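> here are the coordinates; sequence isn't available:
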Ligand SMILES: Cc1cc2nc3c(=O)[nH]c(=O)nc-3n(C[C@H](O)[C@H](O)[C@H](O)COP(=O)(O)OP(=O)(O)OC[C@H]3O[C@@H](n4cnc5c(N)ncnc54)[C@H](O)[C@@H]3O)c2cc1C
Ligand SMILES: Cc1cc2nc3c(=O)[nH]c(=O)nc-3n(C[C@H](O)[C@H](O)[C@H](O)COP(=O)(O)OP(=O)(O)OC[C@H]3O[C@@H](n4cnc5c(N)ncnc54)[C@H](O)[C@@H]3O)c2cc1C
């Protein structure tokens, strides 16, 4: 079987769960070959083996992460040329999609972004127009380049002993145009990562202030959930922007999404509409979020949310 | 930096006309392309931030702002909006041959036009609200061989030096580059201005150059449905969400919500 390249999504050596989902998908359609870029591979190799990477291409050169996107693309393009993979999978994050797009240009290949499911022949499923329509699309030219959303497939362990190959690329001057002079990693804390979490609890303008976000955090912690926020809450500075859910924030697709004090504007819905089960707490019975919910409570969040937290903790 | 007759920067801002997110959006059954008749067309709202940023840079650095759009005749509405906000002129690439272009071919067509009209800075929105690929700025950077400074929530330009803050999954990166460059901006970067009455009147007189594929040296075989490198296999309405249960809190709303979560095995 042909190799499928999976670009490992990691922050300073810590591998994101979506990578294991991609490796699992790759194994279904070919031989999973992970591509590691940047320092930190040694600490992560066991994890890649656990999820069935048959091969790992390791490009440890720090220079590859010192410029915006382009170096990773040049490395991947070289691997596509050398190894003739059947497809390339990346995570459909902001940067992942940019990598996919540039790589498509470079390799003259078609690209699918935001794929939420995959079928034989690399037919990708998309959920478009706020979840109203489901499409299936495929690449007809070049090497299929597919950006898959986190939580689109279940990660299944399948231990392997990957063969490692050190790889490197000579960067073009063009790839060194936008230098990253500082990386600022914002506090991540103990909670699960927002796009990967099985449960997300988000707070909006109704929460009323930064201090009150502790109500949201307590509810999230009772469920082992990640915390999210609407743009109203991030713009007000109540919660960092990295937690924004929506059109211009993160797209989440958890098993359970709880919206607290969020009206459900179209731009917010764009980031959470594909959640499996949706619950909302809002004092306004007319709030559009209630059009989406499986369960809604019309009431004051300062009453309902703490009571819900207490009740969940009691039942554990 | 300075071209003949123009003082200051040549800023091109890419805007896309999209169906209004508030209306029902559809695909056409014959070729799976966007049904543009079914919904009102509006300027992609994220592109208003790109226009605003272009205008702000022009105000501080001097120069000229050109709106670039590729789309059907109707897309002239979006061009007018950007001109009314204060852009100086527009280039509208429109041709039957372009219908159904995918990401790869759209970036090719736009890059051909950009090479033709020249630029110091190209600014895009972070994504379109219809297709939501979020790839075009990266693709243009690759095609034009200039730095990619994307997903920026802060951009500072001083002469030919560019400093920006790029939003990432983990926080942000501080990025530095030299012009010419391709930039995309997120909605946190500014507050787009409303067109004034004067601006709306003035927009009617601003030049809009219409280009067909041949005028921009776009190879028709590489664009549109014929030149596509992706293909929609099928599409269908998503099964409607079952109507949920909504209760009014009578003092035990939290307990009832917990019951619901327990019934779904979340607790
Ligand atoms: C270009 C663009 C991009 C955008 N991107 C995003 C995005 O990525 N994510 C996003 O979220 N938004 C985004 N927005 C903003 C979006 O349009 C809305 O403005 C935003 O989602 C509103 O946030 P909210 O629901 O928290 O606030 P509001 O709409 O003000 O809603 C607050 C809700 O809280 C309820 N409430 C108030 N007090 C209480 C209480 N005590 N108990 C219970 N309920 C209470 C109210 O009834 C109301 O429904 C974007 C907008 C634009 C123009
Ligand atoms: C529902 C849907 C799904 C699609 N999925 C795919 C897919 O998976 N793969 C694929 O190759 N194609 C796909 N397409 C085709 C794709 O819409 C077009 O190629 C499109 O113009 C580029 O993608 P985008 O609008 O998502 O751009 P983005 O990369 O999201 O747009 C970013 C910015 O680029 C600028 N821009 C975008 N389009 C134009 C334009 N026409 N003129 C001027 N500036 C512009 C704007 O500033 C915009 O903010 C899809 C189309 C639809 C309607």
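Cool, got the structure. The structure displayed is predicted, hence computed values, not measured ones. Ligands and ions are numbered 1, 2, ... in the order given.
> With adjacent residues omitted, what lies nearest to the single nearest residue of chain B relative to ligand 1?
Closest contact between chain B and ligand 1, by C-beta to the nearest ligand atom, is at residue B:187 (4.1 Å). (C-beta placed from N, C-alpha, C; glycine too.) Take residue B:187 and drop its neighbours on the chain: the residue closest to it by C-beta to C-beta, 6 or more residues apart in numbering or on different chains is residue A:248, 4.9 Å away.
> Isn't the one you found up against residue B:126?
Yes - Residue A:248 lies in contact with residue B:126 (C-beta atoms under 8 Å); the separation is 6.4 Å.
> what residues are shared contacts of the two?
B:46, B:186, B:187 (C-beta atoms under 8 Å, 6 or more residues apart in numbering or on different chains).
> for the residues you listed, which one is nearest residue A:301?
In terms of C-beta to C-beta, no member of the shared contacts of residue A:248 and residue B:126 lies closer to residue A:301 than residue B:187, at 25.7 Å.
> Mind pulling the model confidence for the closest one?
Residue B:187 carries a pLDDT score of 93 in this model.
> and it, that's in a helix?
No - counting by DSSP: H, G, I helix; E, B strand; the rest coil, residue B:187 is not found in a helix; it is coil.
> Surely it touches residue B:52?
No - look at residue B:187 against residue B:52 with C-beta under 8 Å: they stay out of range, at 10.2 Å.
> Residue 17: what's it in contact with?
No chain in the question, so chain A it is. Residue A:17 neighbours (C-beta under 8 Å, 6+ apart): A:150, A:155, A:193, A:196.
> Let me rephrase: I mean chain B.
Here residue B:17 is in contact with B:41, B:42, B:43, B:44, B:69, B:71, B:72, B:74, B:75, B:77, B:78 (C-beta under 8 Å, 6+ apart).
> Of the residues you listed, just say which sits nearest to chain A.
Nearest to chain A among those: residue B:44, at 10.8 Å, using C-beta to the nearest C-beta.
> ok, that closest one - how many residues close by?
When counting by other C-beta atoms under 10 Å in any protein chain shown, one arrives at 25 neighbours for residue B:44.
> and if you look at residue B:201?
Counted with other C-beta under 10 Å, residue B:201 comes out at 11.
> how far away is it from ligand 2?
25 Å (C-beta to the nearest ligand atom, to the nearest Å).
> List phi and psi for that residue.
For residue B:201, the backbone dihedrals (degrees, to the nearest 10) come out as phi -70, psi -40.
> Which neighbouring residues are in contact with the residue lying closest to residue A:147 once chain neighbours are set aside, exactly?
Closest residue to residue A:147 apart from its sequence neighbours, by C-beta to C-beta, 6+ apart: residue A:92 at 3.9 Å. Residues near residue A:92 by C-beta under 8 Å, 6+ apart: A:100, A:113, A:114, A:115, A:147, A:148, A:149, A:150, A:251.
> Surely residue A:73 is in contact with residue A:100?
No - the criterion here is C-beta under 8 Å, and residue A:73 misses it with residue A:100 at 9.1 Å.
> between those two, which one's more packed in?
Neighbour count, other C-beta under 10 Å: between residue A:73 and residue A:100, residue A:100 has more, with 31 against 25.
> List the contacts of the most centrally placed residue in chain A.
The centroid of chain A falls nearest to residue A:150 when counting by C-alpha atoms, centre = their mean (4.1 Å). Applying C-beta under 8 Å, 6+ apart to residue A:150 gives the contacts A:16, A:17, A:18, A:21, A:91, A:92, A:93, A:195, A:196, A:253.
> residue ranges with poor pLDDT in the stretch 101-250 of chain A?
When residues are selected by pLDDT under 70, those of the stretch 101-250 of chain A lie in A:188.
> hmm, 50 instead?
Across the stretch 101-250 of chain A, nothing is flagged by pLDDT under 50.
> one step back: from the contacts of residue B:17, which would you call buried?
Using 16 or more other C-beta atoms under 10 Å in any protein chain shown as the burial test, the contacts of residue B:17 include B:41, B:42, B:43, B:44, B:69, B:71, B:72, B:75, B:78 as buried.
> Now render those residues as CSV, adding distance to residue A:208, secondary structure and pLDDT.
Below are the buried ones among the contacts of residue B:17 laid out as CSV (distance: C-beta to C-beta, whole Å; DSSP: H, G, I helix; E, B strand; the rest coil; pLDDT from 0 to 100):
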residue, distance to residue A:208, secondary structure, pLDDT
B:41, 38, strand, 86
B:42, 32, strand, 92
B:43, 33, strand, 95
B:44, 32, coil, 95
B:69, 41, strand, 98
B:71, 42, coil, 95
B:72, 45, coil, 93
B:75, 42, helix, 93
B:78, 37, helix, 94
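> tell me, which of those residues make contact with ligand 2?
B:44, B:69, B:71 (C-beta under 6 Å from any ligand atom).
> Keep only those that also lie close to chain A.
Among these, not one lies near chain A by C-beta under 8 Å from any C-beta of the partner chain.
> and which of the residues you listed is nearest to residue B:202?
Set against residue B:202, the nearest of those by C-beta to C-beta is residue B:69 (18.8 Å).
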